[in-house]
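In: give me a model of this one.
(4 chains)
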Protein chains: 2
Amino acid sequence: MSTQGRRERERAKREQAIITAARDLALTEGWDAVTTRRLAAEIEYSQPVLYSHFKGKDAIMAAVAVEGFAELATALVSARASAADPRQAVADVAAAYVAFAQQRPAIYDAMFTLAVDLPFASQDVPTDLARGFAELSETVRPVAGDDDLEAVTETFWSGLHGLVTLMRSGRLRRADHDRRLAVLVDRFSR
Amino acid sequence: MSTQGRRERERAKREQAIITAARDLALTEGWDAVTTRRLAAEIEYSQPVLYSHFKGKDAIMAAVAVEGFAELATALVSARASAADPRQAVADVAAAYVAFAQQRPAIYDAMFTLAVDLPFASQDVPTDLARGFAELSETVRPVAGDDDLEAVTETFWSGLHGLVTLMRSGRLRRADHDRRLAVLVDRFSR
DNA sequence: TCCAATTGCTAGCGCCGCTAGATACGCGAG
DNA sequence: CTCGCGTATCTAGCGGCGCTAGCAATTGGA
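Out: Residues are numbered from 1 along each chain as shown, chains lettered A, B, ... in the order given. As a prediction, the model looks like this:
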C-alpha cells in the first residue's frame, strides 16, 4: 500500500506543522497567544485535528520543548568545542546557555518552567536533554575539583537557570548581567 | 463621621480576607484553583467585589507575593542572626531560603515566577524585598572577596533560585538536594 | 458497486477573567 | 421624619479558553 505510506507522511508533516506553528507563535507573541483555535487556524485545519496528534495543549508545548532541547544541546556542544582552554570553555558554554535562553525565551520557558509533565523518563526527551547535560558536565569536569561531578554540574546549571529566569522576570537589572555571569563562572572554575 | 471610619476598617478587613483566601487556596490546591469565582465564594461576596479592591487577578496574586516577601525576609534575618560564624551564616541563610520555597511553593511562585508586573519600583514591595536582599547581601559580604558585593549577592541568589525551581519542576532529583546546596554554599564562601 | 472504516468537521459543554446595568442600602438635607 | 442621591453590591452576560461528542464526507477493500 503506497497510499498508506503517503498518508503517514502527510500526517507526520502536519504534526510538524503544528509544532512549528506553536513554536513560531510562542516566540513572536508568547505562549498566551498560543491557543488551540489559533493553532488550528494557522495550520488550516479544524481545532479537533490537533487532538488526533497530541493529547492536549500541554503535549504540544512539550513537543516544542523537545525541539528546544536539541537546539540547546547543539549550541552547548559547539561552544565547548571552540573554546581555547577549560576555563574559557566554562565561560563560553555559560554564555551560550544564557544566549539561548535570551534569544528564545518562550522555548526556554516551555523547556524548564512550563510543561512540567514532560516525559523525563522515556523516549527521546532524555536523549537531547541528556546530551545537553552531558556537555555541561564535561565542561565542568576539569574544574570540578574534589566535588561530585554531577552535583557540581547540576548546581552550575541551577546558577545559569536562576540568572536567566530572575533577569527575564525583571528581578535583576539587565545591565549587570555580564558581571553576574562572570561571578558565576569564576566561582565554578577556580 | 465614625461610620465612615468603620466602613473603611471593614473594607480593609475584607481586602485582607481576599488576600488570605487566595493565599490559602494557592497553598492547598495551587494557583490553578484560585479563580475569581472561587475566591468570591470563599469570602462570601459576589465576584465583582474583588474588582473594587484589586484591578484584576494578577493584582491579587501580587498582594499575596508582597506578604511572601515579608515572610521570607524575616526568615532570612532570623537564620543569619543565629549563625555561629560567617561561613555558617551563608549555609544557614541558604537553607532558610530553600526551606521557605519548599514549604510555600505557591507563594514562592507568586513572588518570583508568576505575577511579573509586580510594582518593583514603588510603594512597599521594595521595602520587604529589599530587606530580604539586604540580608542576603550582609550574609555574603564577609565571603565576597574582591568581587562586587551586589553582583555576588545577585548571583548567589540566582543559584538558590535555580536550585529551587529546577528541583520543583522535576528537573533535579530531590535526593541530591543537600549535596547541591552544599556545593553552592561552598563555592560562594571560600 | 456497495459497505465499512477512517478522517475531518460543526456545534457545544463547562469553565475562565472581567464588566455593564440594575438594585438595594444608608447618609445628609429639608 | 422623609426624601433623594450616592455608594455598595448583585445578577447576568460577554468573549474566549481547552476539550469532546456526534455527524458527514471520503476512501479503500470485497
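In: please count neighbours and contacts with C-alpha atoms only from this point.
Out: Noted.
In: quick one: average pLDDT of stretch A:111-121?
Out: Computed over stretch A:111-121, the mean pLDDT rounds to 77.
In: buried residues in that stretch?
Out: For stretch A:111-121, the neighbour count (16 or more other C-alpha atoms under 10 Å in any protein chain shown) marks A:111-116, A:118 as buried.
In: can you tell me if it touches chain B.
Out: Yes: using C-alpha under 8 Å from any C-alpha of the partner chain, stretch A:111-121 reaches chain B at A:112-113, A:116.
In: just the residues you listed: which are in helices?
Out: Of the residues of stretch A:111-121 next to chain B, the ones assigned to helices by DSSP state H are A:Phe112.
In: before we move on, the earlier item: just name the closest of the buried residues of stretch A:111-121 to B:Arg174, please.
Out: A:Val116 (15.2 Å; C-alpha to C-alpha).
In: please name the nearest non-neighbouring residue to the closest one.
Out: In space, A:Val116 comes closest to B:Ser169 once its chain neighbours are excluded; the distance is 5.8 Å by C-alpha to C-alpha, 6 or more residues apart in numbering or on different chains.
In: tally up the residues packed near the one you found, please.
Out: 16 (other C-alpha atoms under 10 Å in any protein chain shown).
In: so what's it up against?
Out: A:112-113, A:116 (C-alpha atoms under 8 Å, 6 or more residues apart in numbering or on different chains).
In: dump the residues you listed into JSON lines; add distance to A:Ala75 as well.
Out: Below are the contacts of B:Ser169 laid out as JSON lines (distance: C-alpha to C-alpha, whole Å):
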{"residue": "A:Phe112", "distance to A:Ala75": "17"}
{"residue": "A:Thr113", "distance to A:Ala75": "20"}
{"residue": "A:Val116", "distance to A:Ala75": "23"}
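In: tell me which element A:Ala96 is part of?
Out: helix A:86-103 (DSSP states H and E).
In: neighbouring contacts of that helix?
Out: For helix A:86-103, contacts defined as C-alpha under 8 Å, 6+ apart pick out A:72, A:75-76, A:79-80, A:82-83, A:107-108, A:136, A:139-140, A:142-143, A:160, A:164, A:168, A:181-182, A:185, A:189.
In: kindly report the same for stretch A:112-120.
Out: Stretch A:112-120 is touched from outside by A:58-59, A:61-62, A:125-126, B:165-166, B:169-171, with contacts defined as C-alpha under 8 Å, 6+ apart.
In: please save the CA atoms from it in PDB.
Out: Extracted in PDB, the C-alpha atoms of stretch A:112-120 (Å, rounded to 0.1, in the frame of the first residue of the first chain):
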ATOM      1  CA  PHE A 112      12.200  24.500  32.000                       C
ATOM      2  CA  THR A 113       9.400  26.400  33.500                       C
ATOM      3  CA  LEU A 114       6.100  25.400  32.000                       C
ATOM      4  CA  ALA A 115       5.100  21.900  30.800                       C
ATOM      5  CA  VAL A 116       6.100  20.200  34.000                       C
ATOM      6  CA  ASP A 117       4.800  16.800  32.800                       C
ATOM      7  CA  LEU A 118       7.500  16.300  30.200                       C
ATOM      8  CA  PRO A 119       8.200  12.600  29.800                       C
ATOM      9  CA  PHE A 120      11.600  12.900  31.500                       C
END
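In: when you scan that stretch, is anything in it near DNA strand D?
Out: No: Stretch A:112-120 is not in contact with DNA strand D by C-alpha under 7 Å from any atom of the strand; minimum separation 11.5 Å.
In: how far away from the center of its chain is that stretch?
Out: Offset of stretch A:112-120 from its chain centre (C-alpha atoms, centre = their mean, to the nearest Å): 11 Å.
In: what about the helices in chain A?
Out: In chain A, the helices defined using DSSP H lie at A:2-29, A:36-43, A:47-53, A:57-81, A:86-103, A:105-112, A:125-140, A:149-168, A:177-188.
In: gap between the nearest residue to A:Ala182 once chain neighbours are set aside and B:Arg190?
Out: Closest residue to A:Ala182 apart from its sequence neighbours, by C-alpha to C-alpha, 6+ apart: A:Ala91 at 7.6 Å. For A:Ala91, the distance to B:Arg190 equals 20 Å [C-alpha to C-alpha, to the nearest Å].
In: confirm for me that A:Leu166 is in contact with A:Arg174.
Out: No: when contacts are counted by C-alpha atoms under 8 Å, A:Leu166 is not listed as touching A:Arg174 (9.9 Å).
In: next, work out how far apart the nearest residue to A:Asp147 once chain neighbours are set aside and B:Ala73 are.
Out: In this structure, A:Asp147 finds its nearest non-sequential neighbour in B:Val183, 7.6 Å apart by C-alpha to C-alpha, 6+ apart. B:Val183 sits 23 Å away from B:Ala73, going by C-alpha to C-alpha.
In: same question for A:Ala144.
Out: 33 Å.
In: higher neighbour count, the two?
Out: For A:Ala144 versus B:Ala73, the count of surrounding residues by other C-alpha under 10 Å is larger for B:Ala73: 22 against 19.
In: pLDDT score assigned to the more buried one?
Out: So, for B:Ala73, pLDDT stands at 98.
In: might one say that it is in contact with B:Leu129?
Out: Yes: in terms of C-alpha under 8 Å, B:Ala73 counts as a neighbour of B:Leu129; the distance is 7.1 Å.
In: picking that back up, ok, the contacts of B:Ser169 vs chain B, which is closest?
Out: Nearest to chain B among the contacts of B:Ser169 is A:Val116, at 5.8 Å by C-alpha to the nearest C-alpha.
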